[in-house]
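*Asks:* below: sequence and its predicted model.
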Amino acid sequence: MNGWVEAVDQDVPHAALGGLVRQALAQSKTNVPMPNFRSSESPTNALLAVAGVKSYNGYALSAREVCIDLDDEAPGFLITPTRNGGAQEGWVRLDELAIRLEREITDGQLGQAVRNALDLAVGRPQSAWRGR
């Protein structure tokens, strides 16, 4: 987690969402030192502010997530919805629902696929949300 955060409205056009996915993947790095999440300069601060929650726990319990992999070994995008298992399990990948796309797709196609995967992702019921 490097602190890069962008927020958009839910009705953002598919092409703009796909462009943000590419920007996020471009920020990915290897051998990143483990951040101190308890520090006042935690890399989660920007995420919590954008999400409008007080704690990472509040964010995690109210979020749906997809994992987006761009791999050289299996070229293309792999977009995997998750099930939010809360504090006990974390985000559980739903590999059987993964969407594989060729690398040479448009931003619009990528954004649409991310939306499709988010529709398949399973969040926590609102009764489980805390820290909001």
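*Replies:* That came in fine, so what should we check first? A quick note: this is a predicted structure, and the numbers were derived from the prediction, not measured.
*Asks:* which parts of the strand or helix carrying residue 109 are buried?
*Replies:* Assigned by DSSP states H and E, residue 109 belongs to helix 107-120. For helix 107-120, a neighbour-count test (16 or more other Cβ atoms under 10 Å) marks 107, 109, 110, 111, 112, 113, 114, 115, 117, 118, 120 as buried. Any C-beta I mention is one placed from the backbone N, CA and C, and that applies to glycine too.
*Asks:* which strands and helices sit next to the biggest strand by length in the chain?
*Replies:* What stands out as the longest strand in the chain, according to DSSP state E, is strand 77-84. Strand 77-84 is packed against strand 66-70, strand 91-93, strand 99-101, helix 107-120, with contacts defined by 3 or more Cβ pairs under 8 Å, 6 or more residues apart in numbering; DSSP states H and E.
*Asks:* ok, 10 Å please
*Replies:* Strand 77-84 sits against helix 14-26, helix 56-62, strand 66-70, strand 91-93, strand 99-101, helix 107-120, with contacts defined as 3 or more Cβ pairs under 10 Å, 6 or more residues apart in numbering; DSSP states H and E.
*Asks:* parallel or antiparallel, list what pairs with the third one.
*Replies:* Pointing back at strand 66-70 there. strand 77-84 (antiparallel) (DSSP bridges).
*Asks:* need the CA coordinates for the partner strand. PDB is fine.
*Replies:* Output of strand 77-84 as PDB, limited to C-alpha atoms (Å, rounded to 0.1, in the frame of the first residue of the first chain):
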ATOM      1  CA  PHE A  77      -6.000  -9.000 -16.900                       C
ATOM      2  CA  LEU A  78      -7.500 -11.300 -14.300                       C
ATOM      3  CA  ILE A  79     -10.300  -9.600 -12.300                       C
ATOM      4  CA  THR A  80     -11.400 -11.700  -9.400                       C
ATOM      5  CA  PRO A  81     -14.400 -10.800  -7.200                       C
ATOM      6  CA  THR A  82     -14.200 -11.400  -3.500                       C
ATOM      7  CA  ARG A  83     -16.400 -12.300  -0.600                       C
ATOM      8  CA  ASN A  84     -16.000 -10.000   2.500                       C
END
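*Asks:* many thanks, have a good one.
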